[in-house]
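Visitor: Here is my input, please return the structure:
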Amino acid sequence: MQQTQKKRLTLAQKEDLWALFFIAPWLIGFVIFTAGPMILSFYFSLTRYNIVDAPIFTGIENYVRAFTRDPLFWHSLRVTIYYGALALPLGLITGFSLSMLLNQKVPGVSVWRTIYFLPSVIAGVAVAIVWSRIFSPQVGILNPFLESTFGIKGPGWFTDPNWAVPGLVIMSLWGVGGGIIIYLAGLQGIPTSLFDAAKVDGANALQRFRHVTLPMMTPVIFYTLVLGLIGAFQYFTEVYVISGGSGGPQRATLFYNLYLYQNAFKYNEMGYASALAWVLFIIVLALTLLVFRSSVMWVYYEGEVRKR
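Guide: The predicted model follows:
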């Protein structure tokens, strides 16, 4: 009996070793490429470091500088929040609305799904180049279309400080295809019995949407909201290409990530850039936790029973 128990223990240990062997590449990669750089960047955030010379420890000086002596820190944060406040709800509403249309049983719907999804797989650099041409006041096609169709003289878009961020928001709708696929998966997972029961109770289409579709889709909306929130604060590639890395015109597109990049690789202030990165991490973490805390009030999971 004891010999059998020893064999079983040995077998369990072998299984543990094999499990460790299979996850070792991920653990090594996480330590080298994620945990290690994060720890190192936190140390650099407490130093004055220009990449060339050895870092000089300065404590929380970089953080004090950001919050008290750097107006561009607050400006870049305002620009990022402004973009997120426009792009995030507009992207959620557009993606969800299009997914509702593509969920209908009409001929050729699979073709339309493919058409809407394809733009989301195109690289951000290519998207920025294409849209910078579309929005161009000199050679673009958007302003002539607005003037010939609606009699509206189009703005300067990316050359106008007042319209640069709204132009980026419109451009961001190009990539709603990824969200549409997620919404479609959620819509097709709603039990048809719920709609049948609602019809029997006399609910019209709007009532079925409000009391069946929307509550059942809240977990998917919550998921895309969190991803969109994080993505808005990480916005970089498109604005870097369009502004040439300057954040122009008149710093109207100086997003937080772009300002962080400038400090790290243009001004060689790697210590200050590391501090900005950690401030961004804390802001995104706080907002994400806030969304998670609020989810108990509006996210419904199938089979969940709530106390009134």
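Visitor: My guess is Asn257 contacts Ala232. True?
Guide: No - if you go by C-beta atoms under 8 Å, Asn257 and Ala232 don't touch, sitting 10.3 Å apart. Using the backbone N, CA and C atoms, a C-beta is placed for each residue, glycine as well.
Visitor: which residues are common contacts for the two?
Guide: Residues touching both Asn257 and Ala232 by C-beta atoms under 8 Å, 6 or more residues apart in numbering: Thr80.
Visitor: which of those two has more neighbours?
Guide: Ala232 (22 against 19; other C-beta atoms under 10 Å).
Visitor: Please identify the helix or strand for the more buried one.
Guide: helix 214-233 (DSSP states H and E).
Visitor: residues in contact with that helix?
Guide: 80, 83-84, 87-88, 91-92, 95-96, 179, 182-183, 185-187, 190, 194, 256-257, 280, 283-284, 287-288, 291-292, 295, 298-302.
Visitor: Quick one: mean pLDDT over it.
Guide: When pLDDT is averaged along helix 214-233, the result is 95.
Visitor: Out of the contacts of helix 214-233, which sit inside helices?
Guide: Of these, the ones assigned to helices by DSSP state H are 80, 83-84, 87-88, 91-92, 95-96, 179, 182-183, 185-187, 194, 256-257, 280, 283-284, 287-288, 291-292, 295, 298.
Visitor: For Gln2, report the pLDDT, please.
Guide: 47.
Visitor: about what we covered before: could I have the buried ones of the contacts of helix 214-233 as PyMOL selection syntax?
Guide: A single PyMOL command selects the buried members of those (16 or more other C-beta atoms under 10 Å):
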select buried, resi 80+83+84+87+88+91+92+95+96+179+182+183+186+187+190+194+256+257+280+287+295+299
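Visitor: Would you state the strands of the chain in chain order?
Guide: For the chain, the strands defined by DSSP state E occupy 47-48, 56-57.
Visitor: then stretch 226-243 to CSV, C-alphas only?
Guide: Extracted in CSV, the C-alpha atoms of stretch 226-243 (Å, rounded to 0.1, in the frame of the first residue of the first chain):
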residue,chain,number,x,y,z
VAL,A,226,-12.4,48.2,-21.0
LEU,A,227,-10.4,47.5,-24.2
GLY,A,228,-11.4,50.8,-25.7
LEU,A,229,-10.5,52.7,-22.6
ILE,A,230,-7.0,51.2,-22.5
GLY,A,231,-6.6,51.7,-26.3
ALA,A,232,-7.6,55.4,-26.1
PHE,A,233,-4.7,56.1,-23.6
GLN,A,234,-2.3,54.1,-25.7
TYR,A,235,-3.1,56.0,-28.9
PHE,A,236,0.1,56.7,-30.7
THR,A,237,0.9,55.2,-34.2
GLU,A,238,-1.7,57.1,-36.3
VAL,A,239,-1.1,60.5,-34.6
TYR,A,240,2.7,60.0,-34.9
VAL,A,241,2.5,59.4,-38.6
ILE,A,242,0.0,62.3,-39.3
SER,A,243,1.8,64.9,-37.2
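Visitor: Pick the most deeply packed of the strands of the chain.
Guide: Most buried of the strands of the chain, by mean neighbour count (mean count of other C-beta atoms under 10 Å): strand 47-48, with a mean of 18.
Visitor: count of residues packed around Trp278?
Guide: The local packing of Trp278 (other C-beta under 10 Å) involves 18 other residues.
Visitor: And for Ala24?
Guide: Applying other C-beta under 10 Å, I find that Ala24 has 10 neighbouring residues.
Visitor: which residues in the stretch 101-250 of the chain form helices?
Guide: With DSSP state H, counting those that start in this stretch as the criterion, the stretch 101-250 of the chain has helices at 109-117, 124-134, 142-150, 164-172, 177-188, 192-200, 205-208, 214-233, 237-243.
Visitor: So which other helices or strands are in contact with the fourth one?
Guide: Counting contacts by 3 or more C-beta pairs under 8 Å, 6 or more residues apart in numbering; DSSP states H and E, the secondary-structure elements packed against helix 164-172 are helix 71-102, helix 124-134, helix 237-243.
Visitor: re earlier: out of the strands of the chain, which comes closest to Lys266?
Guide: strand 47-48 (16.7 Å; C-beta to C-beta).
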